[in-house]
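In: turn this into a structure:
(one chain, ligands or ions: 4)
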Amino acid sequence: HAKKRGKNRYYWFEPQMENERRFRNALEAGIRAGLANGEFVPYYEQQIDIETGSLTGFEMLARWNSPRFGLVSPEVFIPVAEDMGVIPLLSEQLIERALEDAKRWDPALTLSVNISPLQLNDPWFAQRMLKLLVKHNFPPQRFEIEITESCLHENVALVRSMILSLRNQGIKISLDDFGTGYSSLAQLRSLPFDRIKIDRSFVSEMGQDGDGSKIVDAIVSLGEGLGMPITAEGIEDDAVLARLRELGQLKGQGYIYGRPETIEQVRERLGALGRLTDNAPDGAETMS
Ligand code: C2E
Ligand code: MG
Ligand code: MG
Ligand code: MG
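Out: Residues are numbered from 1 along each chain as shown. Ligands and ions are numbered 1, 2, ... in the order given. Below is the predicted model of the structure:
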């Protein structure tokens with residue numbers, strides 16, 4: 001090893017940049033191979049009715065099971081996949097797997113997926129989503145798309161028409177990580193979101209009686225005013241959950257309910273709750 005390192009000394013010229021470029025190249029090559037080999041897998045986070053504590057659905061969170069890098073966070077590979085132009089492919093591969101998983105769940109349970117702002121630039125995005133739902137025989141009413149405020153930077157008119165055509169098909173749209181971006185109240189009023197998800201940075205501060213509490217209060221009132229239900233994400237402890245319960249009828253997500261799980265863990269969980277249906281409508285093969 002020492003010898004090898006010695007040999008590499010000609011990288012004295014901006015070694016940091018050189019390493020970053022190499023890492024980046026390795027990531028890109030890995031992502032390409034990963035797409036071909038099905039290494040991207042859905043994990044699932046529970047979505048809970050805070051008042052009753054009952055499960056209402058799951059949010060799919062992408063993970064990359066890389067033979068070289070291990071289990072990689074979406075915060076690492078999504079931006080790279082966006083730059084590479086493969087995000088629609090990656091996203092749709094994951095959504096197809098998730099739809100196959102979710103159609104074996106209690107039909108009262110919803111499936112939420114995160115969508116990159118880049119995907120909304122495609123004027124056929126709504127059609128593409130619908131096509132996937134039809135292909136996997138999954139009711140649009142159980143399908144929810146989460147977009148972040150950064151989607152609203154560019155073409156609000158385009159996003160608005162996209163939201164409307166998705167909603168026309170029965171698909172629900174949530175505004176994710178609310179409070180971290182720059183959407184104005186005027187924009188929010190003109191965009192018919194089905195739900196607002198409060199960013200976990202505000203939720204996690206609630207326990208300490210800090211500004212987080214005031215911001216969450218304000219967003220909950222805003223949601224009431226606009227007729228948009230609220231989800232609080234990133235609930236980690238009982239103090240926060242107790243405060244949220246006082247605020248009204250919210251949905252919640254967070255480590256307090258458990259970490260994001262593999263499909264095997266989800267099936268075990270749903271099996272125990274008696275909320276697994278294995279009569280997948282199109283008679284797909286049973287899973288082992
Ligand atoms: P997000 O949609 O806001 O998802 C919530 C993130 O917070 C997840 O991280 C989740 O694991 C984490 N989280 C949940 N509860 C807690 C908690 O109580 N405490 C803390 N500290 N964290 C919590 P993850 O899975 O790393 O995802 C990060 C982001 O990556 C997501 O944020 C989403 O914007 C993006 N992402 C995930 N999957 C996809 C995907 O398929 N496509 C696209 N475009 N983006 C995705
Ligand atoms: Mg999300
Ligand atoms: Mg979020
Ligand atoms: Mg986020």
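In: just the strands in the stretch 101-250 of the chain please.
Out: Secondary structure of the stretch 101-250 of the chain by DSSP state E, counting those that start in this stretch: the strands cover 110-114, 143-148, 172-178, 195-198, 230-232.
In: what lies in contact with the shortest one?
Out: Residues outside strand 230-232 that contact it (CB atoms under 8 Å, 6 or more residues apart in numbering): 47, 50, 174, 195-198, 203, 216, 219-220, 223, 244, 248, 250-254. All C-beta spots, glycine's among them, are computed from the backbone N, C-alpha and C.
In: ignoring the adjacent residues along the chain, who's closest to residue 234?
Out: Here the nearest residue to residue 234 in space, its sequence neighbours aside, is residue 200; by CB to CB, 6 or more residues apart in numbering that works out to 2.2 Å.
In: just give me the neighbour total for the one you found.
Out: Around residue 200 there are 20 other residues, counting by other CB atoms under 10 Å.
In: my guess is it contacts residue 252. True?
Out: No - under the criterion of CB atoms under 8 Å, residue 200 is not in contact with residue 252, lying 10.6 Å apart.
In: any common contacting residues for the two?
Out: Applying CB under 8 Å, 6+ apart, one finds that residue 200 and residue 252 are jointly contacted by residue 233.
In: write out the residues of the stretch 1-150 of the chain neighbouring ligand 2.
Out: Applying CB under 5 Å from the ion, one finds that the stretch 1-150 of the chain approaches ligand 2 through 114, 146.
In: again, 6 Å this time
Out: Within the stretch 1-150 of the chain, the positions near ligand 2 by CB under 6 Å from the ion are 59, 114, 146.
In: would you mind naming the residues that bridge with the residue lying closest to the second one once chain neighbours are set aside?
Out: What it means is residue 114. If the residues on either side of it in the chain are set aside, residue 114 comes closest to residue 146, at 4.9 Å by CB to CB, 6+ apart. Beta-bridge partners of residue 146, counted by DSSP bridges, are residue 114, residue 174.
In: near residue 146, how many other residues are there?
Out: 19.
In: same check, this time on residue 74
Out: Counted with other CB under 10 Å, the neighbours of residue 74 add up to 17.
In: ditto for residue 119
Out: 20.
In: and the chain, which of its residues are near ligand 1?
Out: Contact residues (CB under 6 Å from any ligand atom) of the chain with ligand 1: 45, 61-62, 73-75, 78, 91, 94, 114-116, 146, 176-177, 200, 233-236, 253-255, 260.
In: select only the buried ones of those residues in ChimeraX?
Out: Here is the ChimeraX command that picks out the buried ones among the residues of the chain next to ligand 1, judged by 16 or more other CB atoms under 10 Å:
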select :45,61,62,74,78,91,94,114,115,116,146,176,177,200,233,234,235,253,254,260
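In: go back to the residues of the chain next to ligand 1 and keep what's next to ligand 3.
Out: When CB under 6 Å from the ion is applied, the members of the residues of the chain next to ligand 1 adjacent to ligand 3 are 176, 177, 233.
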